[in-house]
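Engineer: got a predicted structure plus its sequence, pasted below:
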Amino acid sequence: MAVLDENRTQIPSKAYREETPDDRAPHEEAEHGHEHGFELVEVMRVVFVALAATAVWFHVWEPFHRVSVVGLAATLIGGYPIFKEAFENIIQRRMTMELSMTIALVSALAIGEFFTALVITAFVLAAEILEGLTVGRGRRAIRDMLNFLPQTASVLREGQIVDVPTQTILPGEVVLIRPGSRIPVDGEVISGHSFVEQAAITGEPMPSEKIPGSEIYAGTINQAGVLQVRTSRLGKDTAFGKIIEAVERAEHSRAPIQKTADRLAGYLVYFALGAALLTFLLTHNIRSTISVIIVAGACGIAAGTPLAVLGAIGRAARQGSIIKGGVYLEALGRLHTVFLDKTGTITFGVPSVAQVLPETGISEESLLKAAASAEYGSEHPLGRAIVRYAEGKNILLSQPSEFRYEVGRGIVTQVEGERIAVGNRAHLLSLGIESPEHGPAFHGMSVLVAVGDRYYGSISIEDQIRKSAAAAVKALEAMKIRVILLTGDSQAAALAVADQMGIFHVHSDLLPEQKAVEVEVHTKSGRTVAMLGDGINDAPALSKATVGVAMGAGTDVARECADVVLIGNDLEKFVETVRIARRCRAIIFQNFYGTLIVDTIGIGMAAAGLLNPLLAAFIHVASELTFILNSTRLLPRGDKKPVTIEERAPAHV
């Protein structure tokens, strides 16, 4: 029933936050003072009021003709929490529903409606318990995530497997993950083969195959084989810890729409009191006047709004998107424009061989062997891409005996007594080697190869586009969100990627500061803008956007500058986050308009004498709980219980 304040949305997390003795007391006081739970004393209070109402109905012990001692005493005792909060709200100059309910109860007692006063008190107290249980469910949905991380782990130390407390594990140590157990650390698989259920972190419904080199997350479940994982992050630094930390931090922030909800709740109380005064002046009917005060309810807005925000942030976190505050959730709900960086966001940011085009009379294997042998040991990204590709083809390579690098041109090496040149056309021409012109069909990087004085062919290298990127762009366009590609690449390369992605607006050849200017122009024009990036060069643009979104595998600088962080690099997670934000916004406005409609009709009927105080109280409580339950649709669903060795599916069918 109370208008929620910032303290009411706190979630304690002893696992990830240190509390001093000075700040623990007020925190605990807020926790106990504002979070209503299913406590025995509250249930007994409702039972006491209900029994007293029964006694008044049957006129049990009424020594005075006009005053029911049982009704008066039970209303004052049972309604003490309502009166107490109303008094505190007066001191704080806050208009809440408790204050209007207190006025209604005092008015009912004044005209001798003792049974009505008791029934209203019972309704209000029962609604408080149900509201507390509902809001508590949202907190528990997040709080339960803490239980995902195991307290002990098996670590390889000095050649022995020892079980140690999780908090004592050091980065770089090797952790043994047995089948059916929950993974305690982030790291890289160095040995073993298994399937891991990681829906709690990435939102992926199907188990992910893990082999040496695969990344693994704390809080996920190993389903099949034994894995050895080299620890990279622990505790609050894991992807799982970041989710908990971000959700807790987000709960302390209040989105503008929450503040609007609180103001609207106060206005509705003023409106109800004004309507009650007008009803009394026109009808002089005290019962109708009291019914007007009782029927008006704004708690569905006041309690439902932060509950919807809490649920949306928690649901997004479960699906691998960390939203750092309610203000960013609200902005995502009214998004107009999305700027996408290319390298590392749309693409993998790692060059890979796209085509191998040998000259007539030269085999593909000969071309690859010559180029990869020349580049063997090279640190250049293009050279490493060629070596990786050749090794993937199981081509036996030779090490160069000489190596000369010419900046901006290429390399010249000696491999098994032969000169091999790898580079661009200008490089080969400088060595007196002619190479054919290639058509404009390919917009990636072409590396030309010559052995001795003979041209062997070319190898086309490009930055591979992520499989989920095109689907994500299509989904954003379907939501009427404009997608713009920002890149420092050439116009030809940018247009080639945009064509594959279905992006119609492209800005190429941009420096980092130019990206930031482009984003700022749109934000200053009043549009709600999101910028997605992954690198240091994206940080200025991220900070200029309404919502900066960093890919989880990006740089620390990008993640710190961002308002939303995606665990992993799946753009469809961003699309789902936008959908959650829009759904949250829709639910909040459903509560807004629903409350206005119910209150307007209820006040009109009460003023006309069509509602007695009892029916008015029922409508008030029913509508309030309806709108609160409407907000619970966003709360994360309970996770499946951990998979045990007996329950897991066999690795092979």
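Structural biologist: Perfect, I can see it now.
Engineer: make sure residue 240 is actually in contact with residue 233.
Structural biologist: No: the criterion here is Cβ atoms under 8 Å, and residue 240 misses it with residue 233 at 9.4 Å. For every residue, glycine as well, the C-beta is placed using N, CA and C.
Engineer: need the residues touching each of those two.
Structural biologist: Counting by Cβ atoms under 8 Å, 6 or more residues apart in numbering, the shared contacts of residue 240 and residue 233 are 186, 218.
Engineer: who has more neighbours, the two?
Structural biologist: residue 240 (27 against 17; other Cβ atoms under 10 Å).
Engineer: just the pLDDT at the residue lying closest to that one once chain neighbours are set aside, thanks.
Structural biologist: Spatial nearest neighbour of residue 240, chain neighbours left out: residue 219 (3.8 Å); criterion: Cβ to Cβ, 6 or more residues apart in numbering. Residue 219 is assigned a predicted lDDT (pLDDT) of 81.
Engineer: tell me how far residue 219 lies from residue 183.
Structural biologist: 7 Å (Cβ to Cβ, to the nearest Å).
Engineer: quick one: residue 480 from residue 338, how far?
Structural biologist: 11 Å.
Engineer: name the residue in the two with the higher neighbour count.
Structural biologist: residue 338 (27 against 8).
Engineer: quick one: list the elements packing against the strand or helix carrying the more buried one.
Structural biologist: Taking DSSP states H and E as the criterion, residue 338 maps to strand 337-341. Other helices and strands packing on strand 337-341, by 3 or more Cβ pairs under 8 Å, 6 or more residues apart in numbering; DSSP states H and E, are strand 482-486, helix 512-524, strand 529-533.
Engineer: which of those sits closest to residue 213?
Structural biologist: strand 529-533 (25.6 Å; Cβ to Cβ).
Engineer: so what touches the following helix or strand past that closest one?
Structural biologist: Downstream of strand 529-533, the first helix or strand assigned by DSSP H and E is helix 539-544. With contacts defined as Cβ under 8 Å, 6+ apart, helix 539-544 is touched by 339, 341, 486, 512-513, 515-516, 518-520, 523, 531, 533, 548-550, 557-558, 561-562.
Engineer: so how far is residue 107 from residue 280?
Structural biologist: 10 Å.
Engineer: more neighbours: these two, which one.
Structural biologist: Neighbours were counted for residue 280 and for residue 107 using other Cβ under 10 Å; residue 107 has more, 20 against 17.
Engineer: could you pull out the buried residues of stretch 152-166?
Structural biologist: 153-155, 166 (16 or more other Cβ atoms under 10 Å).
Engineer: first-to-last residue distance for it?
Structural biologist: Stretch 152-166 has an end-to-end distance of 5 Å (Cα to Cα, to the nearest Å).
Engineer: contacts for it next, please.
Structural biologist: By Cβ under 8 Å, 6+ apart, the list of residues contacting stretch 152-166 reads 149-151, 169, 173-178, 184-185, 228, 234-235.
Engineer: one more: stretch 519-528?
Structural biologist: 331, 334-337, 339, 486, 529, 531, 541, 544-547.
Engineer: go again with 10 Å.
Structural biologist: Stretch 519-528 is contacted by residues 330-339, 481-482, 484, 486, 529-531, 540-548 when judged by Cβ atoms under 10 Å, 6 or more residues apart in numbering.
Engineer: what's the mean pLDDT across that stretch?
Structural biologist: So the average pLDDT for stretch 519-528 ends up being 92.
Engineer: fine, thanks again, bye for now.
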